[in-house]
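> the sequence isn't on hand, but the structure is:
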């Protein structure tokens, strides 16, 4: 089952309140403050994420299992854990990036 999580929008400029994701060499903000869960993303030149993710907005869905959600899909970012209790992966669907998010409570 898919449940809307957020909309990620790439930007060419840093915005107030952005926090750096050191491992990914990118900055994000807005998700927590936005009623509609809009997330702004600024990417440093050294960021190695796929160009599609860095240039095209993505929609993110919370899923029970990222592994199941990406099965048989065109995976562009393999499952990874950017923070404790969180697993994410990206696929490409019809030319657009889609993010799947799995949360785990320990």
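Everything's here; your move. As the structure is a prediction and not an experimental result, all values here were calculated from the model.

> would you list every one of the strands in the chain?
Taking DSSP state E as the test, the strands found in the chain are 3-11, 19-21, 26-29, 38-43, 58-62, 74-83, 86-93, 96-103.

> quick check: closest non-adjacent residue to residue 3.
Nearest residue to residue 3, sequence neighbours excluded (C-beta to C-beta, 6 or more residues apart in numbering): residue 62, at 4.6 Å. Glycine gets a C-beta too; all of them are placed from N, C-alpha and C.

> and that neighbour, how many neighbours?
17 (other C-beta atoms under 10 Å).

> that one touches residue 102, doesn't it?
Yes - taking C-beta atoms under 8 Å as the definition, residue 62 is a contact partner of residue 102 at 7.4 Å.

> residue 89 and residue 75 touch, don't they?
Yes - between residue 89 and residue 75 there is a contact under C-beta under 8 Å: 6.4 Å.

> neighbour count: the two, which is higher?
Comparing residue 89 with residue 75 by neighbour count (other C-beta under 10 Å), the higher total belongs to residue 89, at 21 against 14.
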